[in-house]
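Novice: show me the folded form of this:
(2 chains)
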Amino acid sequence: MAPSPRQLERRTVVGKHALLKQILEEGQVGERFTARGWLRSHRGSKAVSFLVLYDGSTMKTLQAVLPTDTPGYEEVAHQLTTGASVVVEGVLVESPGKGQRVELKADKVAVLGVADADTYPLQKKGHSMEFLRSIAHLRARTNVFGAVFRVRATLAQATHRFFGDRGFHYVHTPIITASDCEGAGEMFEVKATSTKDHFFGRQAMLTVSGQLNAEALAYGLGQVYTFGPTFRAENSNTSRHLAEFWMIEPEAAFYDIHDDMDLAEAYLKALITAVFEHNADDIDFLGKFVDKQLVQTLESTRDQTFERITYTDAVDILTKAKREWEFPVSWGIDLQSEHERFLAEEHFKRPVMITAYPKEIKAFYMFNNDDDKTVAALDVLVPRIGEIIGGSQREHRLDRLESRITADGMALEDYSWYLDLNRFGAVPHAGFGLGFERAVMFCTGMTNIRDVVPFPRSVGQAAF
RNA sequence: UCCGGCUUAGCUCAGUCGGUAGAGCAAGCGGCUGUUAACCGCUAGGUCGUUGGUUCGAGUCCAACAGCCGGAGCCA
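Specialist: Residues are numbered from 1 along each chain as shown, chains lettered A, B, ... in the order given. From the prediction side, this is the model:
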């Protein structure tokens, strides 16, 4: 029988550049393969030698079994150390041992690049996250970081799929901005090394948010989202902060705060669904070695309806809680970490969406509610992470927007282009920002944000 | 930036009352009839973060500094 197109395609791929994932999942017993990868471990005994290979395509490893009388084995035996890159050829057979369906009965082995066992820092044992952070250029080779970065890739692709499927256009907003007045925190200044005066004719900074630009684009394209790097220069030293991170900011015309909440909830659930679909092995591993609650947390987040309460409800719950707060609770305060964690982790035990915050503690661009005391802000809190999404319905009524800017002591002329948006063809619209690294933390169980980005930038840290 | 903790072998850590340093893993060598972070034996490996102080004597007590970790603030 003639091979099907799919079989032909697979044969082509597998024959030339067989990924271990393909060999392990699709390889048939009796098929011959050339496996390329790095050694996770090498176990020798008198008659046979076991090589455990990984290549990054999957959490799983391929075990190659090599008789010690294989031609050429003697010459490379001492080079078969953890971390060495190898090419192994052989026939796929059912594995008599435990732990794997198939293994490669090898008859040919070559070492591409040695990894001197005396100096190669990674060993076939667990290392601390702190140590691995000090060798960030090598840590992608470990099980944990392989899993984390594969999940990260899935989350990025799932983001594009989710918004694309819903008619959101992917837009690119500037990384260099002259807008210093978004109130989002300390900024980095951008200067040309060879130009004395301001290169851009005025002071320029790295963006802290693409939101205002995204709003401009939403007024032409309807529904848009950004996915790009974001910079904050705060002297902030915690496991949840980076100086350079990635943010996803959807912005949709004709959305109100309730549409915004629906979108945020659907998006987070879509991310989790994608991870279970594409990274089952990775999640399984992370659930065993990083966070025993991981699978349960993700499943319940995916399957349960998010709690939706107002800020006033939240204050009520916190006031009545039998709990000593380090920061006393009363209407008007900004919610602190301890309050947010209590709501998500103890009171509701699920993600919580809080709306209608006092306008005094929120940004000028948020929609004023009818009570004239609160704005249509949205914070999404998840267990273990805290705030993962911050957003709002935007104020599109020009007079209200202008009076709010003035009331906050800012100059209208600094916002002339932003005000133009709502001077012409204003419509209700809403959006939010999701810190991508916090989403990766949530989906992997990692507790330090520096371990979910390959090369973290934070205060005093820009190595690699 | 504030509060607390940690820093001893390549890695993870122990080190009692102040008396000159220990284990497991990794490495090297040898053994082992198919292992699963294989196992067994032997060998080698240390300026105890840095500087100063107390003391006859400091890994151990004190101070400053540095780095890292946890928490807080700020935020996503």
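Novice: which residue ranges form the helices in chain A?
Specialist: For chain A, the helices defined by DSSP state H occupy A:5-17, A:20-26, A:73-76, A:129-134, A:143-165, A:211-221, A:257-278, A:280-289, A:294-303, A:311-320, A:337-341, A:398-407, A:416-423, A:436-444.
Novice: pull the contacting residues for whichever residue of the stretch 301-450 of chain A sits closest to RNA strand B.
Specialist: Nearest residue of the stretch 301-450 of chain A to RNA strand B (CB to the nearest atom of the strand) works out as A:G435 at 2.8 Å. (Each C-beta comes from the backbone N, C-alpha and C, glycine too.) With contacts defined as CB atoms under 8 Å, 6 or more residues apart in numbering, A:G435 is in contact with A:F245, A:W246, A:M247, A:I388.
Novice: need the max-distance pair from those residues.
Specialist: Within those, two members stand farthest from each other by CB to CB: A:W246 and A:I388, at 13.3 Å.
Novice: neighbour-wise, which of these two wins?
Specialist: A:I388 (23 against 20; other CB atoms under 10 Å).
Novice: picking up where we left off before, which one of the contacts of A:G435 sits closest to RNA strand B?
Specialist: A:F245 (3.8 Å).
Novice: where does chain A have low pLDDT?
Specialist: Within chain A, the stretches with pLDDT under 70 are A:1-16, A:180-184.
Novice: ok, now with 80
Specialist: Scanning chain A for pLDDT under 80 picks out the ranges A:1-17, A:44-45, A:179-185, A:195-196.
Novice: can you name the residue of it nearest RNA strand B?
Specialist: A:G97 (1.7 Å).
Novice: just checking, that residue touches A:E103?
Specialist: Yes. With contacts counted by CB atoms under 8 Å, A:G97 reaches A:E103, the gap being 7.4 Å.
Novice: what do those two both touch?
Specialist: A:Q63.
Novice: between these two, who's got more neighbours?
Specialist: Taking neighbours as other CB under 10 Å, A:G97 and A:E103 compare with A:E103 leading, 22 against 9.
Novice: quick revisit: and which of the contacts of A:G435 is nearest to A:D291?
Specialist: Nearest to A:D291 among those, with distances taken as CB to CB, is A:I388, at 15.9 Å.
Novice: go ahead and confirm the closest one touches A:R438.
Specialist: Yes. Assessed by CB under 8 Å, A:I388 is found in contact with A:R438 at 4.9 Å.
Novice: contact partners for A:G287?
Specialist: Residues in contact with A:G287 (CB under 8 Å, 6+ apart) are A:L294, A:V295, A:G445.
Novice: ramachandran coordinates for the residue located most distally from the centre of chain A?
Specialist: Outermost residue of chain A with respect to the C-alpha centroid, by CA atoms, centre = their mean, is A:D69; its distance is 47.2 Å. Here is the backbone geometry of A:D69 (degrees, to the nearest 10): phi -90, psi 10.
Novice: need the helices of chain A in JSON lines (columns: distance to A:I361).
Specialist: Compiled in JSON lines, the helices of chain A are given as follows (distance: least, CB to CB, whole Å):
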{"stretch": "helix A:5-17", "distance to A:I361": "55"}
{"stretch": "helix A:20-26", "distance to A:I361": "49"}
{"stretch": "helix A:73-76", "distance to A:I361": "65"}
{"stretch": "helix A:129-134", "distance to A:I361": "35"}
{"stretch": "helix A:143-165", "distance to A:I361": "29"}
{"stretch": "helix A:211-221", "distance to A:I361": "18"}
{"stretch": "helix A:257-278", "distance to A:I361": "17"}
{"stretch": "helix A:280-289", "distance to A:I361": "36"}
{"stretch": "helix A:294-303", "distance to A:I361": "27"}
{"stretch": "helix A:311-320", "distance to A:I361": "9"}
{"stretch": "helix A:337-341", "distance to A:I361": "13"}
{"stretch": "helix A:398-407", "distance to A:I361": "14"}
{"stretch": "helix A:416-423", "distance to A:I361": "21"}
{"stretch": "helix A:436-444", "distance to A:I361": "21"}
